[in-house]
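Asker: here you go, sequence then predicted model.
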Amino acid sequence: MNAETETTPQETVALLRRILSVVEPAQRKPWFEVACAIVLALATTASAWCAYQSKLRGGAQLARGNAAAKVGRESAVNSLAAMQARTFDASMFITFMQARIEGNQAVEAFLRQRFRPEMKPAVDAWLKLDPLNNSAAPPSPFNMAEYLQKDAVEVAHQEELAATAMADSREARGYSDNCVLLTVVFASVLFFGGIARAFDSRPLRTALAALAVMLFLGTVVALSTMPVCHE
């Protein structure tokens, strides 16, 4: 072999280094590994938090739904009691007016004394309007403002409470569903952040890591807008 074609040891080492730089995968940067580990740790914590909040919201939904059902049952009982009281008042009033028209003062006085407290002021106010001769008077004392049934008022209040409890139950269910959705997204962050470290291609690793970070930040922003459940 001629001396002109021989290479020096330094040239051989340089050539080997160039070959190895092409064949061997690109050296991973420590900061990339640390960044991926931090994102994965935060995503794992946030995912566990979402699962915890979803469980609490599910319990709140059940409790508020049970409260609405309980109030609904009480409302039904009071509604029946109010209907029975109104029927009793109507029966007493018909008999009272019949005795009044017939001039049977004994029966009239007897029935007046036995009017329920809600009925007596309404009848008195209605009679003052001279309904037998005044066509502008209400058709019965039941249409008077003085006729105010406590049971009916309680029914209206309970119906309002039941509606509020049902709305709260639906709201809790919505938040619970949202927490489950965010848990799934955080799982996607774990997937993309974890798989990014498995590839040797720097562009692919960077793209997957960037996707994981964007998903993580967007999900954290969505999570921050949701109220924390303490129930």
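Answerer: Ah, there it is. In this text the structure is predicted, and so the values were computed from the model without any measurement. Numbers count the residues shown, from 1 in each chain.
Asker: ok, now which ones touch residue 78?
Answerer: 151, 154-155, 158 (C-beta atoms under 8 Å, 6 or more residues apart in numbering). For the C-beta atoms, the positions are set from N, CA and C on the backbone; glycine is no exception.
Asker: in ChimeraX, select just the buried ones from the residues you listed.
Answerer: Those of these that count as buried under 16 or more other C-beta atoms under 10 Å are selected in ChimeraX with:
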select :151,154,155,158
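Asker: just flag the most distant two among the contacts of residue 78.
Answerer: Of all pairs drawn from the contacts of residue 78, the widest gap by C-beta to C-beta lies between 151 and 158 and measures 10.2 Å.
Asker: just give me the residue closest to the centre of the chain.
Answerer: Centroid check for the chain by C-alpha atoms, centre = their mean gives residue 171 as the closest residue, at 1.4 Å.
Asker: just the element for it, please.
Answerer: helix 150-196 (DSSP states H and E).
Asker: which stretches of this protein have low pLDDT?
Answerer: 1-29 (pLDDT under 70).
Asker: longest helix in it, by number of residues?
Answerer: Taking DSSP state H as the criterion, the chain has its longest helix at helix 30-102.
Asker: now the helix or strand just after it and helix 30-102, what's the angle there?
Answerer: Following helix 30-102 in sequence order, the next helix or strand is helix 105-113 (DSSP H and E). Angle, helix 105-113 to helix 30-102, by axes from the mean of the first three to the mean of the last three C-alpha atoms, to 10 degrees: 170 degrees.
Asker: which strands and helices sit next to helix 105-113?
Answerer: Counting by 3 or more C-beta pairs under 8 Å, 6 or more residues apart in numbering; DSSP states H and E, the packing neighbours recorded for helix 105-113 are helix 30-102.
Asker: mind checking how far the helix it packs on is from the chain centre?
Answerer: Distance, stretch centre to chain centre, for helix 30-102: 11 Å (C-alpha atoms, centre = their mean, to the nearest Å).
Asker: so that helix versus helix 150-196, what angle?
Answerer: 170 degrees.
Asker: residue 62: which of the contacts of residue 78 is nearest?
Answerer: residue 158 (20.2 Å).
Asker: pretty sure that closest one sits against residue 70.
Answerer: No: Residue 158 is not in contact with residue 70 according to C-beta atoms under 8 Å; the separation is 9.7 Å.
Asker: mind giving me the packing neighbours of the helix holding residue 171?
Answerer: Right, helix 150-196 is packed against helix 30-102, helix 202-224 by 3+ C-beta pairs under 8 Å, 6+ apart.
Asker: distance to residue 110 added to these, as CSV?
Answerer: Converted to CSV, those look like this (distance: least, C-beta to C-beta, whole Å):
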stretch, distance to residue 110
helix 30-102, 8
helix 202-224, 71
